[in-house]
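> how would this look folded up:
(chains A and B)
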Amino acid sequence: MVAPVKTLPHVSLVIAVWFGVLVAPFASNAGAGHPPERLADTGLFTAGATTEIAPDVLPFSPQYPLWSDGAAKRRWIRLPEGVAIDASDPDAWVFPVGTRLWKEFSMGRRVETRMIERRADGSWDFSAYVWDADGRGAVLVPADGIATLPVAAAPGGRYAIPSRHDCLACHEGATSPVLGFSALQLSPDRDPLAVHPETPPAGAVDLQALVERGLLVNLPGGLLETAPRINAATGEERAALGYLHGNCGHCHAAPGGSAAAVPVDARMAQRVGETDSAEQVRASLIDVASRYRPADAGADAVIVRPGDAAGSILHRRMATRDPRAQMPPLGTTAPDHEALSLIERWINQLP
Amino acid sequence: MKAHYTRIALAVAAAFGAVSSSSTALGDESADKVARGKYVVTTSGCNDCHTPWIMGPGGPEPDMSRMLSGHPQDVPITAPISLAGDPWIAAVSGTNTAWSGPWGVSFTANLTPDSETGLGKWTLRNFVDTIRTGRHMGRGREILPPMPIPMYKHFSDADLEAIYTYLQSIPAISNKVPEPLPPVQATAAN
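Modelled structure (predicted):
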């Protein structure tokens, strides 16, 4: 649906056309070829630095962060100059070619920084950079990742950097491969009961800031006046559904949202463009027969059994780290006990 | 004016002709994919493990009445076996659909298009991602031995699409394959 219509010397311009309607102009001078060998050359930092963030790089903080064995994270985005994100579909933002996002993982020290970038052909490139132990620099990780990296503060003293295939496993299941940077995640109406809440860093952009700065266009009316929020029965349910959205929704996407979403009916992704989104998620989980049915769970195993967290497949798979059964299936080696406690309370209070 | 109408009529006829011809081509293309998929599935040994075996007059043979429906749900297996060790590391059920080894017990999947127990809800993308990544449904747990992912991940896109198209065309069989079991030491630890 993105059709190149014109090319000028030095500046490549493409026009996005959606059924004949002009959506957004994209500018590109990036995205081709191999990612830089050094993180310092990706544009995240000011020239020659490894701590000072470049002035055109914007921090952000999702309200429902992904659990990664307790790693502390910082995140940034950089848009090419003069272009904006198209939010016509408020649940599947279209990012300009050349957009870069970074996420830094720390466990006692900086361990890795991941970067994704939209290429000129519209596809996304995923790369990871591993920091040296003294934090002086980070270099590109091979496509196969690093299965075992000695990191004292990691569970068992070992840290894994994902392969490119594993990057795709999470990022390509969703309606947009950019996770954690969306209308719900950047809503100014942040959830006070969210698990592992972060305080947005100075200068962090949220939904309102993006629109005011002209970095996000075509956001459907109403989503600024009434900030996106999960329409749950209780505050605890809001936080529980928010956690599932942030940690599970990229694979358990809404039906029809992505051909790469897992082919099961359990849905955990919220959509701000649907007023009954939370109800749809609840209806796909509560008292619904589980496709995953371990031998000791019985033939009547359900994903969420109201009043019985221990008897709910959702809780069971979140609690185990048996690699044949754990959820999420990759990216963690330790269960998220704070989240389990929230999910327990939510399920046990369900009528 | 008459010529004008004639040109329009010809254009419309040509368009219908094009559609008709295109539909035929699409039908042929789909049939070609099914045929190619059947050939690849048959010659790549998919029936060896995904079709339950029975004892026939000439020895064990695949039960094609349950073609590609995976480990039968009515053949319960509740625990892995312990083998004496070298040189034996794995054992297989009489149906050739359950394998016990250092990874635990793996059960072959139902590849028929049954919507609840097979691939009925899978997209082509789900199927391609599964074979390319070696992850269940393309995004989940790692697929266990003896599924030859290290070899099959090299199938061409065209062959994977043909396999998927063929598998979606075969009779759907409702058969709920069990979840894999942990290995002996993990069972003890749990």
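
> Over to the closest residue in space to A:P200 that isn't next to it in sequence: give its phi and psi.
Closest residue to A:P200 apart from its sequence neighbours, by CB to CB, 6 or more residues apart in numbering or on different chains: A:S61 at 4.1 Å. From N, CA and C alone the C-beta is placed, and that goes for glycine too. When quoted as degrees, to the nearest 10, the phi and psi of A:S61 stand at phi -150, psi 110.

> can you check B:P62 too?
phi -70, psi 140.

> That one contacts B:W53, correct?
Yes - between B:P62 and B:W53 there is a contact at 5.5 Å, judged by CB atoms under 8 Å.

> Give the residues shared as contacts by these two.
By CB atoms under 8 Å, 6 or more residues apart in numbering or on different chains, B:P62 and B:W53 have these common neighbours: B:N96.

> A:R267: how many residues sit nearby?
23 (other CB atoms under 10 Å in any protein chain shown).

> what's it in contact with, if anything?
Each residue near A:R267 by CB under 8 Å, 6+ apart is listed here: A:G249, A:H252, A:A253, A:A254, A:P255, A:Q280, A:V281, A:S284, A:L285.

> Tell me the one among those residues nearest to A:P306.
A:L285 (10.3 Å; CB to CB).

> From chain B, how far off is that closest one?
The gap separating A:L285 from chain B is 17 Å, by CB to the nearest CB, to the nearest Å.

> One more: A:I303?
Applying CB to the nearest CB to A:I303 and chain B gives a distance of 14 Å.

> Surely that residue and A:S312 touch.
Yes - contact criterion CB under 8 Å: A:I303 and A:S312 qualify, at 6.6 Å.

> what pLDDT does residue 124 get?
Picked chain A for this. A:W124 carries a pLDDT value of 96.

> Wait, chain B was what I had in mind.
The confidence metric pLDDT takes the value 97 at B:L124.

> From B:L124, how far off is A:Y292?
Per CB to CB, to the nearest Å, A:Y292 is found 23 Å from B:L124.

> Hmm, I typed the wrong one, I wanted B:G104.
30 Å.

> And for A:G122?
20 Å.

> Mind checking which residue lies nearest the centre of the chain?
If you meant another chain, say so; for now it's chain A. A:L179 (2.3 Å; CA atoms, centre = their mean).

> Let me rephrase: I mean chain B.
Most central in chain B (CA atoms, centre = their mean) works out to B:L111, at 3.9 Å.

> For A:V130, which residues are in contact?
A:V111, A:E112, A:A138, A:V139, A:V141, A:I146, A:L149, A:I161.

> Go ahead and confirm the last one touches A:F126.
No - checked against CB under 8 Å, the pair A:I161 and A:F126 is beyond contact range at 11.7 Å.

> Report the buried residues of the helix or strand containing B:A162.
Assigned by DSSP states H and E, B:A162 falls within helix B:157-167. Across helix B:157-167, burial judged by 16 or more other CB atoms under 10 Å in any protein chain shown covers B:D159, B:L160, B:E161, B:A162, B:I163, B:Y164, B:T165, B:Y166, B:L167.

> Which of those residues sits closest to A:P155?
Nearest to A:P155 among the buried residues of helix B:157-167, with distances taken as CB to CB, is B:L160, at 36.2 Å.

> Chain B: helices as residue ranges?
Assigned by DSSP state H, the helices in chain B fall at B:2-43, B:46-50, B:124-133, B:149-152, B:157-167, B:184-189.

> What average pLDDT does the fourth one get?
It stands for helix B:149-152. On average, helix B:149-152 scores 96.

> got it, and the first one?
For helix B:2-43, mean pLDDT is 65.

> Give me the local confidence score for the nearest residue to B:P145 once chain neighbours are set aside.
What sits nearest to B:P145 in space, not counting adjacent residues and going by CB to CB, 6+ apart, is B:W103, at 5.7 Å. We have a pLDDT of 93 for B:W103.

> now A:V14
29.

> now the one 4 residues further on
In the prediction, the pLDDT value recorded for A:W18 is 30.

> got a list of what residue 40 touches?
Reading this off chain A. A:G48, A:A49, A:T50, A:G137, A:A138.

> actually chain B
Contacts of B:V40 (CB under 8 Å, 6+ apart): B:F155, B:D159, B:A162, B:I163, B:Y166.

> need the contact list for the nearest residue to B:P150 once chain neighbours are set aside.
Leaving aside its chain neighbours, B:P150 sits nearest to B:G134 (7.9 Å; criterion: CB to CB, 6+ apart). When the contact criterion is CB under 8 Å, 6+ apart, the partners of B:G134 are B:E142, B:I143, B:M147, B:I149, B:P150, B:K153.

> Filter those down to the buried ones.
B:E142, B:I143, B:M147, B:I149.

> quick one: A:R109 from A:M115, how far?
19 Å.

> okay, B:G104 and B:L124: which has more neighbours?
Ranked by neighbour count (other CB under 10 Å), B:G104 and B:L124 place B:G104 first, with 22 against 15.

> hmm, back to that, which of the contacts of B:G134 lies closest to chain A?
Set against chain A, the nearest of these by CB to the nearest CB is B:E142 (6.9 Å).

> my read: that closest one touches A:P323, true?
Yes - assessed by CB under 8 Å, B:E142 is found in contact with A:P323 at 6.9 Å.

> Which one of the contacts of A:A40 is nearest to chain B?
The closest of these to chain B turns out to be A:A138 (CB to the nearest CB; 25.7 Å).

> what's the neighbour count on that closest one?
For A:A138, the neighbour count with other CB under 10 Å is 22.

> Was I right to think it contacts A:Y129?
Yes - between A:A138 and A:Y129 there is a contact under CB under 8 Å: 3.8 Å.

> hang on, the earlier thing: neighbour count for A:I303 and A:S312, which is higher?
A:S312 (26 against 22).

> backbone phi and psi for that one, please?
When quoted as degrees, to the nearest 10, the phi and psi of A:S312 stand at phi -100, psi 130.

> What score does the closest residue to the residue nearest to the centre of chain A other than its chain neighbours have for pLDDT?
Nearest in space to A:L179, with sequence neighbours left out and distances taken as CB to CB, 6+ apart, is A:H250 at 5.3 Å. pLDDT for A:H250: 94.

> Stretch B:172-183 close to chain A?
Yes - remark: stretch B:172-183 sits within contact range of chain A at B:K176, B:P178, B:E179, B:P180, B:L181, B:P182, by CB under 8 Å from any CB of the partner chain.

> out of these, who's nearest B:S69?
B:K176 (10.2 Å).

> Of all the residues in the helix or strand hosting A:E236, which ones are buried?
Using DSSP H and E, A:E236 sits within helix A:235-248. Neighbour counts over helix A:235-248 (16+ other CB under 10 Å) mark A:E237, A:R238, A:A239, A:A240, A:L241, A:G242, A:Y243, A:L244, A:H245, A:G246, A:N247, A:C248 as buried.

> didn't the fourth one look like it was pressed against A:L342?
So the one you mean is A:A240. Yes - look at A:A240 against A:L342 with CB under 8 Å: they come within range, at 5.5 Å.

> which regions of chain A lie under the pLDDT threshold?
Chain A contains residues with pLDDT under 70 at A:1-33.

> where exactly do the strands run in it?
Taking DSSP state E as the criterion, chain A carries its strands at A:2-8, A:11-18, A:21-28, A:58-60, A:72-78, A:85-86, A:100-106, A:110-118, A:124-131, A:138-140, A:146-150, A:158-161, A:216-217.

> Please list the residues outside the fourth one that contact it.
Counting contacts by CB under 8 Å, 6+ apart, the residues outside strand A:58-60 that touch it are A:53, A:74-78, A:181, A:186, A:200-206.

> Which one (most neighbours) among the contacts of A:V130?
A:E112 (25 neighbours).

> residues contacting that one?
Counted by CB under 8 Å, 6+ apart, A:E112 has contacts A:E104, A:F105, A:A128, A:Y129, A:V130, A:W131, A:A138, A:V141, A:Y159, A:I161.

> Try it again at 10 Å.
Residues near A:E112 by CB atoms under 10 Å, 6 or more residues apart in numbering or on different chains: A:39, A:71, A:103-106, A:128-131, A:138, A:141, A:145-146, A:149, A:151, A:159-162.
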